[in-house]
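Engineer: Next one to model:
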Amino acid sequence: RVRSSAASDVYKRQIDDLQSANSPTLHLFCFLATRLRNLPVLLVGTVQRAEGIPALQRLITLGRRHGDVHLLSLPPLSVEDVSMLTSFLGIASVSDTWAANTLPEWLYERSSGSPFIVAEIIAQLQTEGILTPNGNDLRLDVGRWRRWRATFSLPETTHDLVAWRLTNLAPNARILLNVLAVANLPLPYKLLREFPGIVGTNPSPPHRPPDGVARSTAVTASQSVAMQGASDQLLTTVEDLQARGLVIETDNELLALAHNLLRETLLHSLSQLRRQDIHRQLAGIIEQCPALSQHFPVRQVALHAVAGEDSERARQYGLQILDELVRDNANAQTATFLRHLYDLLAPTAAPDEMLRLTSALGRIHQSLGQLEEATSWHRQHLELADKLADLSARAAAHFELGELALVANDLSLIHISEPTRQAE
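Structural biologist: This next block holds a predicted model:
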């Protein structure tokens, strides 16, 4: 796609916020940066401290040798820059021009010219109701701002700054954010609507409908009104989170967190038990709703089931994708997932399931070049095959161990089991 877009004209692609980007985004950026040498493409990424991120440090070291990567240092915002930003946002005070003119200086002093911190402070002023919409502009409540800034203190770390933005959220809004953080991918609105706790319920006053058909009609109408009210409440919650800059809506009408730093901050406050519970409920909601299942591959349900330690769903969905994962997703995350799946199923797994799991673990570690781990799993697979007298599985295990011996140049890895010697 990048090649075809660049064929006609210069194609600029910006991947912002690399400072808090997740591992796949960093790998994508580094991959593209080293493969665009002969294309009219400008790839731009922003980061606060490149030397603090090993992947970017390696890219800079390698890229500078070939002239592919250039590191440009940008100075912090000046007072004039901050003033231009507030003017662009239309921030003004109806009753006090002095306060509106002083705000840029105060923002500059508090942020030291950091664009991220300036944006976070402005967002918090909106959350506190100190900056309120006024058409396309923002109106500054001077009195509230003066009182607020007298007790204002900037959080010490970036994560604290993000956590500061999460204070005073409604319980259902915080649950929605937690679900998006644990899921680690955009989710459809319909799924979030089904998640317990996100749609708040207000107890209805006692109601005694008439008998017969009228009773049924009254109950149905009451339920319809309640469902519509709950849906409206969730929409209001989503719109409020979007206005706060915490949630974004993607092109395909999915909801996602605004940036990865927000996800890290949310996860930091969640216990492992809470994360497992969210994963387990996500797997159940996707499974029970055919309309939602169309949006999620089996692999995604399996990942939630295993992370939620739901052994039955982990068995149902995890075993379906063993070969796919080993073939198409040979990475450290897959190895961790397979080991978790093995630990979850091992106490109750049937012999044929254990054969499949040990084989998959051996192959994934072999693909990653982790020869000792691969040898251990392949030998477990061979022992199981011997116990079950499974000639096909036994042959596969010997083949894999033979390949490992060639790669490691160590013939001692070739293990001939006793049943195989007797067969010979």
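
Engineer: so residue 163 sits right up against residue 265, yeah?
Structural biologist: Yes - the criterion here is C-beta atoms under 8 Å, and residue 163 meets it with residue 265 at 5.3 Å. Any C-beta I mention is one placed from the backbone N, CA and C, and that applies to glycine too.

Engineer: Look at these two and report which has more neighbours.
Structural biologist: Between residue 163 and residue 265, counted using other C-beta atoms under 10 Å, residue 265 has the larger neighbour count: 23 against 16.

Engineer: can you pull the contacts of the residue positioned nearest the centre of the chain?
Structural biologist: In the chain, the centroid-proximal residue (C-alpha atoms, centre = their mean) is residue 184; its distance is 2.3 Å. Contacts for residue 184 (C-beta atoms under 8 Å, 6 or more residues apart in numbering) come out as residue 263.

Engineer: Can you dump the C-alpha atoms of whichever strand or helix holds residue 173 in CSV for me?
Structural biologist: Per DSSP states H and E: residue 173 is located in helix 171-183. Provided in CSV are the C-alpha atoms of helix 171-183 (Å, rounded to 0.1, in the frame of the first residue of the first chain):
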residue,chain,number,x,y,z
PRO,A,171,-17.9,4.6,37.9
ASN,A,172,-19.3,3.4,34.6
ALA,A,173,-16.9,5.6,32.6
ARG,A,174,-14.0,4.2,34.5
ILE,A,175,-15.2,0.6,33.9
LEU,A,176,-15.4,1.4,30.1
LEU,A,177,-11.9,2.7,30.1
ASN,A,178,-10.6,-0.4,32.1
VAL,A,179,-12.3,-2.7,29.6
LEU,A,180,-10.6,-0.9,26.6
ALA,A,181,-7.3,-1.1,28.4
VAL,A,182,-7.5,-4.8,29.2
ALA,A,183,-8.8,-5.6,25.7
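
Engineer: Touching that helix from outside, list them.
Structural biologist: Residues contacting helix 171-183 (C-beta under 8 Å, 6+ apart): 166, 169, 186-187, 192, 195, 197-200, 233-234, 237-238, 240-241, 246-247, 255-257, 262-263, 266-267, 270, 274-275, 278-279, 282, 304.

Engineer: Backbone dihedrals for the nearest residue to residue 50 once chain neighbours are set aside, please?
Structural biologist: Leaving aside its sequence neighbours, residue 50 sits nearest to residue 56 (C-beta to C-beta, 6 or more residues apart in numbering; 4.6 Å). Phi and psi for residue 56, reported as degrees, to the nearest 10, are phi -70, psi -30.

Engineer: And the pLDDT for residue 56?
Structural biologist: For residue 56, the pLDDT comes out at 83.

Engineer: Now for it: which residues touch it?
Structural biologist: With contacts defined as C-beta under 8 Å, 6+ apart, residue 56 is in contact with 18, 26, 30, 47, 50.

Engineer: and if you look at residue 250?
Structural biologist: By C-beta under 8 Å, 6+ apart, the contact list for residue 250 reads 186, 256.

Engineer: Quick check: the gap between it and residue 18.
Structural biologist: With distances taken as C-beta to C-beta, to the nearest Å, residue 250 is found 20 Å from residue 18.

Engineer: hang on, the earlier thing: after the helix holding residue 173, which helix or strand is next?
Structural biologist: strand 187-188.

Engineer: Break down the protein into its strands, ranges please.
Structural biologist: In the chain, strands defined by DSSP state E lie at 11-15, 41-45, 91-92, 131-134, 137-140, 187-188, 247-249, 254-257, listed in chain order.

Engineer: Serialize those strands to CSV and add fields for distance to residue 61.
Structural biologist: What follows is those, written out as CSV (distance: least, C-beta to C-beta, whole Å):
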stretch, distance to residue 61
strand 11-15, 20
strand 41-45, 16
strand 91-92, 43
strand 131-134, 44
strand 137-140, 44
strand 187-188, 38
strand 247-249, 34
strand 254-257, 32
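
Engineer: Lowest mean pLDDT across those strands, which one is that?
Structural biologist: Lowest mean pLDDT within the strands of the chain: strand 11-15, a mean of 62.

Engineer: Show me how to select, in ChimeraX, the buried members of the contacts of helix 171-183.
Structural biologist: What follows is the ChimeraX syntax for the buried subset of the contacts of helix 171-183, where burial is set by 16 or more other C-beta atoms under 10 Å:
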select :166,169,186,187,192,195,198,199,233,234,237,238,241,246,247,255,256,257,262,263,266,275,278,279,282,304
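
Engineer: I'd guessed residue 170 sits against residue 237; true?
Structural biologist: Yes - in this structure, residue 170 is within contact of residue 237 by C-beta under 8 Å, at 6.8 Å.

Engineer: show me the contacts for the closest residue in space to residue 299 that isn't next to it in sequence.
Structural biologist: Spatial nearest neighbour of residue 299, chain neighbours left out: residue 321 (5.0 Å); criterion: C-beta to C-beta, 6+ apart. Taking C-beta under 8 Å, 6+ apart, we find residue 321 in contact with 298, 299, 302.

Engineer: how deep is the second one tucked in, by neighbour count?
Structural biologist: Each residue near residue 299 was counted by other C-beta under 10 Å, and the total is 17.

Engineer: got it, and the last one?
Structural biologist: For residue 302, the tally of surrounding residues (other C-beta under 10 Å) stands at 25.

Engineer: I'd guessed it sits against residue 320; true?
Structural biologist: Yes - with contacts counted by C-beta under 8 Å, residue 302 reaches residue 320, the gap being 7.2 Å.

Engineer: could you redo the contacts of residue 56 as JSON lines and give each row distance to residue 178 and pLDDT?
Structural biologist: Converted to JSON lines, the contacts of residue 56 look like this (distance: C-beta to C-beta, whole Å; pLDDT from 0 to 100):
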{"residue": "18", "distance to residue 178": "25", "pLDDT": "78"}
{"residue": "26", "distance to residue 178": "24", "pLDDT": "81"}
{"residue": "30", "distance to residue 178": "31", "pLDDT": "83"}
{"residue": "47", "distance to residue 178": "27", "pLDDT": "82"}
{"residue": "50", "distance to residue 178": "31", "pLDDT": "78"}
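
Engineer: Tell me the one among the residues you listed nearest to residue 337.
Structural biologist: residue 26 (20.3 Å; C-beta to C-beta).

Engineer: Provide a list of residues in contact with that closest one.
Structural biologist: 18, 53, 55, 56.
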